[in-house]
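> predicted coordinates and the sequence they were generated for:
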Amino acid sequence: MERLDDLQTGGLRILQDTDLFCFSTDAVLLADYARVQPRDRVIDFGAAGGILDLLMYARQPNAHYTAVELQPALYSLLVRNIALNGLERFITPVAGDIKDVKLQNGRHYDVCVCNPPYEKTAQGEARQSPSQEAARKEVCITLAEICQQAARILRFGGRFYICSPASRLAELCFDLKSCGLEPKTMRLVQAAPEREARLALLMAARGGREGMRVEPPLCLRDGNGRESAELHKIYSRGENCGD
């Protein structure tokens, strides 16, 4: 079933289909974690309906975004969401496999972002649809292959932003370093101060020097179970789009 959601960010809206894939808080956190500069060329691996691109645009409208999506139904939503928000000049949709992405005019990208499938093929419970299965499990591409493709399309010094289950953090760092992407910053996400981390936000630089800065953890709820002040700030950070 389709629904139209107000992102409460710069007047942006997004169409989603509950039978396909709907974004979660993880996407909002990753979009906020990604540091995009004016005139950066940004590519989003596995864009789905375009949530990362819309939120990054809200925070940095003076960059250009390329959104890659393999599933035809999600790609259709992506195209419609770009048109719905009048962002055809700023977000370019690309239908296809991440593994087949080509450089445009021979130019590498400055930033790559990816909210990847979290589970290996044999892990986790069965999903309601093949679309949801492909979005959450490594059916079409593995974590190692995502890192390899990010390294291929990024310029030297380019930045790769990715989120990962904390349980796969060691695997992710190995895959990044194996293809020349050096982990540089990391932030763990906790549901509450007393809970263990469930998610990791990480930035790796192509050709970067060794040495990673671990930032203070992000708690989604405070000690009383209420939404944390920082999470509230993240959700409202793009309200004045372009300011």
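In hand now; what should we look at?

> separation between Leu103 and Cys114?
17 Å (Cβ to Cβ, to the nearest Å). C-beta: built from backbone N, CA, C; applies to glycine.

> low-confidence ranges in the chain?
122-128, 134, 237-243 (pLDDT under 70).

> the longest helix in it is where?
Counting by DSSP state H, the longest helix found in the chain is helix 72-84.

> mind giving me the packing neighbours of that one?
strand 13-17, strand 64-69, strand 91-95 (3 or more Cβ pairs under 8 Å, 6 or more residues apart in numbering; DSSP states H and E).

> so Leu103 and Cys114 - more neighbours on which side?
Set Leu103 next to Cys114 and count neighbours by other Cβ atoms under 10 Å: Cys114 wins out with 25 against 12.

> picking up where we left off before, and Ser129, which of the helices and strands packed on helix 72-84 is closest to it?
Ranking those by proximity to Ser129 (Cβ to Cβ) places strand 13-17 first, at 9.8 Å.

> from the chain's centroid, how far away is the closest one?
Its chain's C-alpha centre and that of strand 13-17 lie 17 Å apart, by Cα atoms, centre = their mean, to the nearest Å.

> so what secondary structure elements neighbour it?
Looks like strand 13-17 contacts strand 2-6, helix 72-84 (3+ Cβ pairs under 8 Å, 6+ apart).

> export the last one to CSV, keeping only CA atoms.
Right, helix 72-84. This file holds the C-alpha atoms of helix 72-84, laid out as CSV (Å, rounded to 0.1, in the frame of the first residue of the first chain):
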residue,chain,number,x,y,z
PRO,A,72,12.3,-1.7,-10.6
ALA,A,73,9.4,-0.9,-8.2
LEU,A,74,11.6,1.0,-5.8
TYR,A,75,13.3,2.8,-8.7
SER,A,76,9.9,3.9,-9.9
LEU,A,77,9.2,5.4,-6.4
LEU,A,78,12.6,7.0,-6.5
VAL,A,79,11.8,8.8,-9.8
ARG,A,80,8.4,9.9,-8.5
ASN,A,81,9.8,11.2,-5.3
ILE,A,82,12.4,13.3,-7.1
ALA,A,83,9.7,14.8,-9.3
LEU,A,84,7.3,15.2,-6.4
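
> now do the buried residues in that helix.
Leu74, Tyr75, Ser76, Leu77, Leu78, Val79, Arg80, Asn81, Ile82, Leu84 (16 or more other Cβ atoms under 10 Å).

> including distance to Leu220, could these go into CSV?
Shown next, in CSV, are the buried residues of helix 72-84 (distance: Cβ to Cβ, whole Å):
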residue, distance to Leu220
Leu74, 26
Tyr75, 31
Ser76, 32
Leu77, 27
Leu78, 27
Val79, 32
Arg80, 30
Asn81, 26
Ile82, 29
Leu84, 29
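
> packing partners of the longest strand belonging to the chain?
In the chain, with assignment by DSSP state E, the single longest strand is strand 154-165. Counting contacts by 3+ Cβ pairs under 8 Å, 6+ apart, strand 154-165 is packed against helix 25-33, strand 109-114, helix 143-153, helix 169-178, strand 197-206.

> strand partners (parallel or antiparallel) of that strand?
strand 109-114 (parallel), strand 197-206 (antiparallel) (DSSP bridges).
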